[in-house]
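Enquirer: Sequence first, then the predicted structure, then my questions.
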Amino acid sequence: MNQYSLIKKIFILTVVIFGFIFALPNVVKLPSFMPSKTVKLGLDLQGGAHLLLQVDEKSVMKEFYDGLGDTVRAKLRSEKIGYKKISSDSNNLSVTISNESQIEKARKLTKFIVKDLSVADNKNVITYKLNDFGINNKLLDIVEQTIEVIRRRVDATGTQEPLIQRQGNNRIVVQLPGVENPNEIKSLLGRTAKLSFHLEDSTGLKSPSTIRTIDEDGNILILKRRAYLTGKNLLDAQPSYSNNLPVVSFRFDSSGARKFGRLTSLNVGKRIVIMLDGKVISSPVVNEPILGGSGVISGNFSIEEVNELSILLRAGALPAPLSVVEERTVGPGLGADSIASGKMASVLGLLFVVLFMLFAYRLFGLYANIALAINMVLILSVLTILQATLTLPGIAGIVLTIGMAVDANVLIFERIREEYNCGAKLHVALEKGFNSAFTTILDANITGLIAGVILYIFGTGPIQGFAVTLSIGIVTSMFSAIMITRWILISWVIRKNPTELPKGF
Amino acid sequence: MNLLPNSNFNFMSKTRLFFFTSLFLLISTVGLLTFKGINYGIDFSGGILIEVKVKDGVTISDVRKKISSLKRFDSSLQEFGSSQDILIRSSVNDIELNQAVELIKNTINEQVLEFRRVEIVGPVIGEELKKYAFYAVIFALLAMMMYIWIRFEWQYGVGALIALFHDVLITIGFVSLLDIEFGLSVLAAILTIAGYSINDTVVIFDRVRENFSKHKKKEYEEIFNLSINQSLNRTIMTSLTTLVALITLYLFGGEVISGFTLAMIIGVVIGTYSSNFVAVPVLLLLKPNRGAIEEFIDPVKAKFFEKERND
């Protein structure tokens, strides 16, 4: 066997030394100029809540077509085109024109309102439908806005290092480390929090422009459908007390303050109805104009409700309702137990494999074990450098790697023995052992990597953690089992100049 | 340690035995899947899973009594590792999963020391995960087959694919037989088994290819017997080290991943069997080309043999 070139030696040493340095912070605290990152633990190990939220696609589309309907109505009015009916649902918007001869004009007029809109007419009905591309963009847009609102709401609860990201085109993953009971956050996220200020309808009749509902005391109330003011104009909302009862005090921005001033000035003695997500939460009678742009919402609130409402109003309304479609919460007790048993299994697994290798291959087994130890360090350091999440299945991946990592050395050693028994000189047997085992090891490991990559692509959370450690383990074990073991064997040959295999091999 | 020095078993004379063994296992699997079915975890079926540690003196039947007072859903309870750890599974139809969890938690709150784990998987998600799981397995198997095909020849690819399906199916059969809960982690175990099994298969195929070029005059049977025998020591050593690691994990790794490790242990045994006694007999059936072509395909090896011949 040829001695390694200097460059190769330096390369191996560099990898190993860097591996040690980056793995070390997981064991001891290093001085400040050294790396300090440790392995990132998954929620199943450190405890916490994982929520998968889904944006209600139907209501997003319904709202979109409602808005589109308003725009079309305004256009038709301004051009004095008569229409019979404008109706929208979550699939499309259809507009019935009074006079069929005006359909072409109406269609041209409204064609370019929004991108990616397909407009079709049939007799006197025009149908507007967003194409798939448009729907997708709309959803992405809504999901991005939703993420912003979620982030503000979660931050308001003081959760440390939350992870909030989009998954697919209508889902959002929220990971909350250390959160043992996610109910508070779930109830925060489950509410749309659309705040609106309405006036009572003086006609008292049910019509398309009114809403019939009940007030906070259960009395029937008829409101104007169009909101005079909405939560969009809110600048701040804080829990507070008024007459010793918990209330939410709020402050409008300048345009909101102007509108609110006008609303209260013009309606002294009348009721203003405050609605949250379609429910009346308060309907006070205006005693005097409020010109400063701030006020309070008083209802039959508890302190918790006031706190929650303030957070919701500060963070803004969700553009669409959300529902929790998946939740996984791990308590800190289970997480700690999992870490403990994971450590135990890794250490014992390592110990047994080490003993096994020593027993089976004696001196060469020792060499393989050195490579295995370095392999462990490298896995830990790569995990740390990549900041990949270590999960319980991830630990299982490491233990499995311990078992499988020695395979490369087993292959090499068995080859060496075979060549040697066939009468080859020791150094020839060593050389041949490494060379002919190499492609086998490569092929075998690449197929293993294929499994790892596919697991990563299709898996979620903990399974991805498993795929990551398995794949890292495959790569590092090839490095250590081939390059490092070979180096050690070369040194042994140079030092001892042996002519036969060590005893017990 | 040389476990089997100069082993020279005539495995290829036993192909009929291997064939019927595998056939028996496969038919049993089909039978199990038809009549017993798979115990899907909530990852795939959707539903609720709550793991609790109860206070001292509280037994599983106490908790069961409490929960059965909730008439609106079916729950199944089981001890999980110790008598103090209880796993509650529930499937719910007419009430929102989130509310159901709250109801259960409130009902048993007094008996519970710690809520260790709460998992809620909506039915839509369960269906999706099932679909992804299916794709993952199919993709993985085909990708591995493609790789073998490219590196060897199509007959080897077919042999590997048949062995892989064999392993995956029979492992699923054992999952059903042993009532292991089939969730995402067991799926991961199955894919890992596929990876392990093909790893084993590649090692032997590689030997076969090498022996084809070394021993031009030997019959197929002789070549295959030789290849399996030459690899036998390695096969046993690697299976043993892997099994040692896995058994340690099964014994000390905690209840949460015990299903995962158990599936893996079974799979390693089946994978080892199939690499030798399913994949190779398939080659015997398909009779791949022998001769110089493989040196042409594998430049690394070709170079090495050239060097060897010159030595």
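Expert: Received it, and whenever you're ready, just let me know what you need.
Enquirer: do you know how far A:I494 is from chain B?
Expert: Applying C-beta to the nearest C-beta, to the nearest Å, the value for A:I494 to chain B is 22 Å. C-beta coordinates here come from the backbone N, C-alpha and C atoms, glycine included.
Enquirer: Check A:M376 too.
Expert: Distance of A:M376 to chain B, given as C-beta to the nearest C-beta: 12 Å.
Enquirer: and if you look at A:T476?
Expert: Per C-beta to the nearest C-beta, A:T476 is found 16 Å from chain B.
Enquirer: which residues touch that residue?
Expert: A:375, A:378-379, A:382 (C-beta atoms under 8 Å, 6 or more residues apart in numbering or on different chains).
Enquirer: Repeat the analysis, applying 6 Å as the threshold.
Expert: Counting by C-beta atoms under 6 Å, 6 or more residues apart in numbering or on different chains, A:T476 makes contact with A:375, A:378-379.
Enquirer: Turn those residues into TSV, including distance to A:N91, pLDDT and neighbour count.
Expert: Below are the contacts of A:T476 laid out as TSV (distance: C-beta to C-beta, whole Å; pLDDT from 0 to 100; neighbours: other C-beta atoms under 10 Å in any protein chain shown):
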residue	distance to A:N91	pLDDT	neighbour count
A:N375	57	95	25
A:L378	55	95	25
A:I379	52	94	24
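Enquirer: Secondary structure and distance to B:F152 for the residues you listed - can I get that in a markdown table?
Expert: Converted to a markdown table, the contacts of A:T476 look like this (DSSP: H, G, I helix; E, B strand; the rest coil; distance: C-beta to C-beta, whole Å):
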| residue | secondary structure | distance to B:F152 |
| --- | --- | --- |
| A:N375 | helix | 28 |
| A:L378 | helix | 31 |
| A:I379 | helix | 30 |
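Enquirer: Identify, from those, the entry nearest to A:S323.
Expert: Nearest to A:S323 out of the contacts of A:T476 is A:I379 (C-beta to C-beta; 39.1 Å).
Enquirer: quick one: contacts for that closest one?
Expert: A:472-473, A:476.
Enquirer: What of A:A317?
Expert: A:A317 sits next to A:192-194, A:231 when contact means C-beta under 6 Å, 6+ apart.
Enquirer: same check, this time on B:A188
Expert: B:A188 is in contact with A:455, A:463, A:466, counting by C-beta under 6 Å, 6+ apart.
Enquirer: out of those, who's near chain B?
Expert: A:455, A:463, A:466 (C-beta under 6 Å from any C-beta of the partner chain).
Enquirer: In space, what's closest to the second one - neighbours in sequence excluded?
Expert: Leaving aside its sequence neighbours, A:I463 sits nearest to B:A188 (C-beta to C-beta, 6 or more residues apart in numbering or on different chains; 4.9 Å).
Enquirer: what helices or strands is whichever strand or helix holds A:I7 leaning on?
Expert: Following DSSP states H and E, one finds A:I7 within helix A:6-23. If contacts are counted by 3 or more C-beta pairs under 6 Å, 6 or more residues apart in numbering or on different chains; DSSP states H and E, helix A:6-23 sits against helix A:332-386.
Enquirer: and the helix or strand following the helix it packs on, which strands flank it?
Expert: The helix or strand immediately downstream of helix A:332-386 is strand A:389-390, counting by DSSP H and E. The pairing partners recorded for strand A:389-390 under DSSP bridges are strand A:40-41 (parallel).
Enquirer: distance between the partner strand and the chain's centre?
Expert: 15 Å (C-alpha atoms, centre = their mean, to the nearest Å).
Enquirer: Mind giving me the packing neighbours of whichever helix or strand comes after it?
Expert: Next along the chain after strand A:40-41, taking DSSP H and E as the criterion, comes helix A:43-46. Helix A:43-46 sits against helix A:332-386, with contacts defined as 3+ C-beta pairs under 6 Å, 6+ apart.
Enquirer: what about A:G269, distance to chain B?
Expert: For A:G269, the distance to chain B equals 43 Å [C-beta to the nearest C-beta].
Enquirer: Alright, I will stop here.
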